[in-house]
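# this one's sequence-less:
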(Lines give C-alpha, C1' and ligand atoms only; values in the text may rest on other atoms or scores of the structure.)
Protein backbone atom coordinates (compact mmCIF):
# COMPACT_ATOMS: atom_id res chain seq x y z
CA UNK A 1 0.00 0.00 0.00
CA UNK A 2 1.27 3.45 -0.92
CA UNK A 3 0.53 5.47 2.22
CA UNK A 4 1.21 8.74 0.38
CA UNK A 5 -1.88 8.18 -1.76
CA UNK A 6 -4.14 8.55 1.30
CA UNK A 7 -5.64 11.62 2.95
CA UNK A 8 -7.62 9.61 5.51
CA UNK A 9 -5.63 7.25 7.72
CA UNK A 10 -8.73 5.21 8.64
CA UNK A 11 -9.23 4.37 4.95
CA UNK A 12 -5.54 3.43 4.81
CA UNK A 13 -5.97 1.04 7.75
CA UNK A 14 -9.15 -0.44 6.25
CA UNK A 15 -7.39 -1.11 2.93
CA UNK A 16 -4.37 -2.59 4.75
CA UNK A 17 -6.63 -4.93 6.71
CA UNK A 18 -8.46 -6.08 3.57
CA UNK A 19 -5.16 -6.62 1.76
CA UNK A 20 -3.63 -8.72 4.54
CA UNK A 21 -6.87 -10.62 5.12
CA UNK A 22 -6.96 -11.57 1.44
CA UNK A 23 -3.37 -12.84 1.65
CA UNK A 24 -3.97 -15.00 4.73
CA UNK A 25 -7.73 -15.36 5.42
CA UNK A 26 -7.22 -18.09 8.05
CA UNK A 27 -4.46 -16.25 9.91
CA UNK A 28 -4.93 -12.49 9.70
CA UNK A 29 -7.64 -10.96 11.89
CA UNK A 30 -8.25 -7.97 14.15
CA UNK A 31 -7.05 -10.11 17.06
CA UNK A 32 -3.89 -11.07 15.16
CA UNK A 33 -3.18 -7.39 14.41
CA UNK A 34 -3.72 -6.50 18.08
CA UNK A 35 -1.20 -9.15 19.19
CA UNK A 36 1.41 -7.89 16.72
CA UNK A 37 0.85 -4.30 17.89
CA UNK A 38 0.99 -5.26 21.56
CA UNK A 39 -2.59 -4.11 22.19
CA UNK A 40 -4.83 -5.55 24.89
CA UNK A 41 -8.13 -4.86 23.07
CA UNK A 42 -8.48 -7.44 20.27
CA UNK A 43 -10.94 -5.29 18.28
CA UNK A 44 -9.08 -1.98 18.64
CA UNK A 45 -8.16 -1.80 14.92
CA UNK A 46 -11.81 -2.37 13.98
CA UNK A 47 -12.94 0.44 16.30
CA UNK A 48 -10.32 2.82 14.87
CA UNK A 49 -11.34 2.04 11.29
CA UNK A 50 -14.99 2.71 12.19
CA UNK A 51 -14.06 6.04 13.82
CA UNK A 52 -15.08 4.87 17.29
CA UNK A 53 -11.54 5.12 18.69
CA UNK A 54 -8.61 7.44 18.03
CA UNK A 55 -4.89 6.80 18.01
CA UNK A 56 -2.59 8.31 20.62
CA UNK A 57 1.15 8.91 20.16
CA UNK A 58 2.14 5.45 21.41
CA UNK A 59 -0.48 3.59 19.37
CA UNK A 60 0.48 5.57 16.24
CA UNK A 61 3.97 4.11 16.47
CA UNK A 62 2.69 0.64 17.36
CA UNK A 63 0.52 0.71 14.23
CA UNK A 64 3.40 2.04 12.13
CA UNK A 65 5.60 -0.91 13.16
CA UNK A 66 2.91 -3.45 12.21
CA UNK A 67 2.36 -1.67 8.88
CA UNK A 68 6.12 -1.91 8.25
CA UNK A 69 6.60 1.83 7.83
CA UNK A 70 10.06 3.33 7.75
CA UNK A 71 11.00 6.46 9.73
CA UNK A 72 9.87 8.91 7.03
CA UNK A 73 6.61 7.06 6.39
CA UNK A 74 5.94 6.99 10.13
CA UNK A 75 6.31 10.77 10.31
CA UNK A 76 3.82 11.10 7.44
CA UNK A 77 1.42 8.64 9.10
CA UNK A 78 1.65 10.64 12.33
CA UNK A 79 0.76 13.85 10.48
CA UNK A 80 -2.15 12.13 8.74
CA UNK A 81 -3.54 10.87 12.05
CA UNK A 82 -3.30 14.32 13.64
CA UNK A 83 -5.00 15.87 10.61
CA UNK A 84 -7.90 13.41 10.62
CA UNK A 85 -8.42 13.39 14.38
CA UNK A 86 -8.04 17.05 15.24
CA UNK A 87 -11.24 18.89 16.13
CA UNK A 88 -9.53 22.27 16.42
CA UNK A 89 -9.50 24.03 13.01
CA UNK A 90 -6.10 25.64 13.61
CA UNK A 91 -4.52 22.36 14.67
CA UNK A 92 -6.10 20.61 11.66
CA UNK A 93 -4.67 23.25 9.32
CA UNK A 94 -1.19 22.90 10.87
CA UNK A 95 -1.39 19.11 10.63
CA UNK A 96 -2.28 19.24 6.95
CA UNK A 97 0.63 21.63 6.35
CA UNK A 98 2.82 18.84 7.74
CA UNK A 99 1.14 16.26 5.48
CA UNK A 100 1.48 18.39 2.38
CA UNK A 101 5.17 19.05 3.12
CA UNK A 102 5.96 15.49 1.97
CA UNK A 103 6.90 15.57 -1.71
CA UNK A 104 5.60 12.00 -2.13
CA UNK A 105 2.12 13.14 -1.07
CA UNK A 106 2.24 16.20 -3.32
CA UNK A 107 3.24 13.94 -6.22
CA UNK A 108 0.50 11.40 -5.51
CA UNK A 109 -2.16 14.02 -4.76
CA UNK A 110 -1.03 16.74 -7.14
CA UNK A 111 -4.51 18.17 -7.82
CA UNK A 112 -5.51 18.05 -4.16
CA UNK A 113 -2.27 19.79 -3.16
CA UNK A 114 -2.84 22.53 -5.72
CA UNK A 115 -6.43 22.98 -4.53
CA UNK A 116 -5.25 23.31 -0.95
CA UNK A 117 -2.67 25.90 -1.97
CA UNK A 118 -5.38 27.85 -3.81
CA UNK A 119 -7.79 27.84 -0.86
CA UNK A 120 -5.13 28.53 1.76
CA UNK A 121 -3.32 31.41 0.01
CA UNK A 122 -5.51 34.48 0.42
CA UNK A 123 -4.08 36.15 -2.67
CA UNK A 124 -4.95 33.32 -5.11
CA UNK A 125 -8.70 34.13 -5.25
CA UNK A 126 -7.81 37.84 -5.34
CA UNK A 127 -5.53 37.42 -8.37
CA UNK A 128 -8.25 35.37 -10.05
CA UNK A 129 -10.54 38.41 -9.68
CA UNK A 130 -7.80 40.81 -10.78
CA UNK A 131 -7.76 39.39 -14.32
CA UNK A 132 -11.18 41.03 -14.77
CA UNK A 133 -9.71 44.50 -14.22
CA UNK A 134 -9.61 46.77 -17.25
CA UNK A 135 -5.97 47.67 -16.63
CA UNK A 136 -4.82 44.15 -15.66
CA UNK A 137 -1.25 43.35 -16.61
CA UNK A 138 0.04 39.81 -16.77
CA UNK A 139 3.16 40.87 -14.93
CA UNK A 140 3.92 39.16 -11.59
CA UNK A 141 5.83 42.21 -10.35
CA UNK A 142 2.86 44.50 -11.17
CA UNK A 143 0.42 42.10 -9.51
CA UNK A 144 2.60 41.77 -6.42
CA UNK A 145 2.78 45.55 -5.99
CA UNK A 146 -0.96 46.08 -6.53
CA UNK A 147 -2.01 43.68 -3.80
CA UNK A 148 -2.66 45.01 -0.34
CA UNK A 149 -0.64 43.87 1.51
CA UNK A 150 1.96 43.32 -1.18
CA UNK A 151 3.32 39.85 -1.87
CA UNK A 152 6.53 38.77 -3.55
CA UNK A 153 6.96 38.54 -7.31
CA UNK A 154 7.62 34.79 -6.94
CA UNK A 155 4.33 34.32 -5.04
CA UNK A 156 2.41 36.16 -7.75
CA UNK A 157 4.08 34.09 -10.47
CA UNK A 158 3.32 30.83 -8.68
CA UNK A 159 -0.30 31.91 -8.12
CA UNK A 160 -0.81 32.60 -11.83
CA UNK A 161 0.63 29.21 -12.70
CA UNK A 162 -1.60 27.46 -10.17
CA UNK A 163 -4.73 29.29 -11.37
CA UNK A 164 -4.05 28.15 -14.94
CA UNK A 165 -3.34 24.57 -13.82
CA UNK A 166 -6.65 24.50 -11.96
CA UNK A 167 -8.37 26.02 -15.02
CA UNK A 168 -9.65 28.92 -12.91
CA UNK A 169 -8.20 31.32 -15.49
CA UNK A 170 -7.55 30.70 -19.18
CA UNK A 171 -6.53 32.59 -22.28
CA UNK A 172 -9.13 33.99 -24.66
CA UNK A 173 -8.84 34.18 -28.45
CA UNK A 174 -6.57 37.24 -28.07
CA UNK A 175 -4.23 35.48 -25.66
CA UNK A 176 -5.43 37.53 -22.68
CA UNK A 177 -6.06 35.81 -19.37
CA UNK A 178 -9.72 35.61 -18.41
CA UNK A 179 -11.59 34.18 -15.45
CA UNK A 180 -13.36 30.89 -16.22
CA UNK A 181 -16.57 29.46 -14.80
CA UNK A 182 -14.65 26.52 -13.34
CA UNK A 183 -15.59 25.66 -9.74
CA UNK A 184 -13.37 23.81 -7.29
CA UNK A 185 -14.64 20.86 -5.31
CA UNK A 186 -12.22 19.09 -3.00
CA UNK A 187 -12.25 16.70 -0.07
CA UNK A 188 -14.26 18.21 2.77
CA UNK A 189 -11.57 17.80 5.44
CA UNK A 190 -8.93 19.40 3.22
CA UNK A 191 -11.21 22.27 2.22
CA UNK A 192 -12.13 23.01 5.84
CA UNK A 193 -8.45 23.18 6.85
CA UNK A 194 -7.58 25.48 3.95
CA UNK A 195 -10.62 27.72 4.37
CA UNK A 196 -9.83 28.16 8.05
CA UNK A 197 -6.44 29.57 7.08
CA UNK A 198 -8.04 31.75 4.38
CA UNK A 199 -10.60 33.24 6.78
CA UNK A 200 -7.95 33.88 9.42
CA UNK A 201 -5.89 35.87 6.94
CA UNK A 202 -8.87 37.79 5.58
CA UNK A 203 -10.07 38.71 9.07
CA UNK A 204 -6.56 39.98 9.78
CA UNK A 205 -6.69 42.08 6.58
CA UNK A 206 -10.05 43.41 7.77
CA UNK A 207 -8.38 44.53 10.98
CA UNK A 208 -5.64 46.26 8.99
CA UNK A 209 -8.30 48.04 6.89
CA UNK A 210 -9.26 50.11 9.94
CA UNK A 211 -6.19 52.23 9.19
CA UNK A 212 -7.68 53.24 5.82
CA UNK A 213 -9.93 56.32 5.42
CA UNK A 214 -13.55 55.64 6.36
CA UNK A 215 -14.67 56.49 2.81
CA UNK A 216 -12.67 53.50 1.51
CA UNK A 217 -14.13 50.86 3.84
CA UNK A 218 -17.29 49.83 5.66
CA UNK A 219 -16.67 48.20 9.03
CA UNK A 220 -19.44 47.95 11.58
CA UNK A 221 -20.63 45.65 14.33
CA UNK A 222 -23.71 44.86 16.36
CA UNK A 223 -23.70 43.32 19.84
CA UNK A 224 -27.03 41.69 20.66
CA UNK A 225 -28.76 39.14 22.88
CA UNK A 226 -30.46 36.33 20.93
CA UNK A 227 -32.59 33.30 21.60
CA UNK A 228 -31.55 30.04 19.90
CA UNK A 229 -34.25 30.56 17.26
CA UNK A 230 -33.19 34.16 16.64
CA UNK A 231 -29.57 33.06 16.26
CA UNK A 232 -30.57 30.66 13.49
CA UNK A 233 -32.74 33.35 11.86
CA UNK A 234 -29.84 35.81 11.81
CA UNK A 235 -27.60 33.15 10.24
CA UNK A 236 -30.24 32.59 7.56
CA UNK A 237 -30.48 36.35 6.88
CA UNK A 238 -26.70 36.51 6.45
CA UNK A 239 -26.80 33.63 3.95
CA UNK A 240 -29.61 35.33 2.02
CA UNK A 241 -27.69 38.60 1.92
CA UNK A 242 -24.60 36.71 0.79
CA UNK A 243 -26.56 35.27 -2.15
CA UNK A 244 -27.99 38.71 -3.00
CA UNK A 245 -24.49 40.21 -3.16
CA UNK A 246 -23.27 37.32 -5.32
CA UNK A 247 -26.18 37.85 -7.70
CA UNK A 248 -25.60 41.60 -7.80
CA UNK A 249 -21.95 41.14 -8.73
CA UNK A 250 -22.71 38.37 -11.24
CA UNK A 251 -25.25 40.62 -13.01
CA UNK A 252 -22.99 43.66 -12.95
CA UNK A 253 -23.97 46.04 -15.72
CA UNK A 254 -22.04 49.07 -14.57
CA UNK A 255 -18.92 48.79 -16.71
CA UNK A 256 -15.56 47.17 -16.09
CA UNK A 257 -14.55 46.48 -12.47
CA UNK A 258 -11.86 48.73 -11.03
CA UNK A 259 -11.65 47.44 -7.44
CA UNK A 260 -11.14 44.04 -5.82
CA UNK A 261 -12.79 43.92 -2.39
CA UNK A 262 -13.32 41.43 0.39
CA UNK A 263 -16.63 41.20 2.26
CA UNK A 264 -16.52 39.23 5.53
CA UNK A 265 -19.57 37.92 7.39
CA UNK A 266 -19.03 37.23 11.08
CA UNK A 267 -21.52 36.05 13.69
CA UNK A 268 -20.17 34.44 16.85
CA UNK A 269 -21.06 34.04 20.55
CA UNK A 270 -19.40 36.29 23.13
CA UNK A 271 -20.31 34.25 26.24
CA UNK A 272 -19.96 30.60 27.17
CA UNK A 273 -23.14 28.51 26.75
CA UNK A 274 -24.91 27.81 30.02
CA UNK A 275 -24.52 24.21 31.11
CA UNK A 276 -27.59 22.41 32.39
CA UNK A 277 -27.46 21.33 36.02
CA UNK A 278 -27.61 17.62 36.63
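Cool, got the structure. The structure presented is a predicted model; accordingly, all values stated were derived computationally and were not measured.

# Distance of residue 177 relative to residue 159?
12 Å (Cβ to Cβ, to the nearest Å). Every residue, glycine included, has its C-beta placed from N, CA and C.

# what sits against the spatially most central residue of the chain?
Centroid-nearest residue in the chain, with Cα atoms, centre = their mean: residue 194, separated by 2.2 Å. Shown in contact with residue 194 (Cβ atoms under 8 Å, 6 or more residues apart in numbering): 93, 96, 115-116, 118-120.

# one more time with 10 Å, if that's ok
Contact partners of residue 194, counting by Cβ atoms under 10 Å, 6 or more residues apart in numbering, are 92-93, 96-97, 100, 115-121, 186.

# Which single one of the residues you listed is nearest to residue 172?
Set against residue 172, the nearest of those by Cβ to Cβ is residue 118 (21.4 Å).

# after the helix or strand where the closest one lies, next one along is what?
Per DSSP states H and E, residue 118 falls inside helix 110-120. On the C-terminal side of helix 110-120, the closest following helix or strand by DSSP H and E is helix 123-130.

# Report all helices and strands that that following helix contacts.
helix 110-120, helix 140-146, helix 153-165, strand 169-171, strand 177-179, helix 188-208 (3 or more Cβ pairs under 10 Å, 6 or more residues apart in numbering; DSSP states H and E).

# For residue 268, grab phi and psi.
phi -150, psi 150 (degrees, to the nearest 10).

# got it, and residue 152?
The phi/psi pair for residue 152 (degrees, to the nearest 10) is phi -80, psi 160.

# Let me see the contact set for it.
140-141, 144, 158.

# next one: residue 106
Residue 106 neighbours (Cβ under 10 Å, 6+ apart): 4, 99-100, 112-114, 116-117.

# nearest to residue 173, of these?
Out of the contacts of residue 106, the member with the shortest distance to residue 173 (by Cβ to Cβ) is residue 114, at 26.2 Å.

# isn't the closest one right up against residue 166?
Yes. Between residue 114 and residue 166 a contact is recorded at 5.9 Å, counting by Cβ atoms under 10 Å.

# picking that back up, which of the contacts of residue 194 has the most neighbours?
The most crowded member of the contacts of residue 194, judged by other Cβ atoms under 10 Å, is residue 96 (26 neighbours).

# per-residue confidence at the closest residue to it other than its chain neighbours?
The shortest distance from residue 96 to any non-neighbouring residue, by Cβ to Cβ, 6 or more residues apart in numbering, is to residue 193 (4.5 Å). Note on residue 193: pLDDT of 75.
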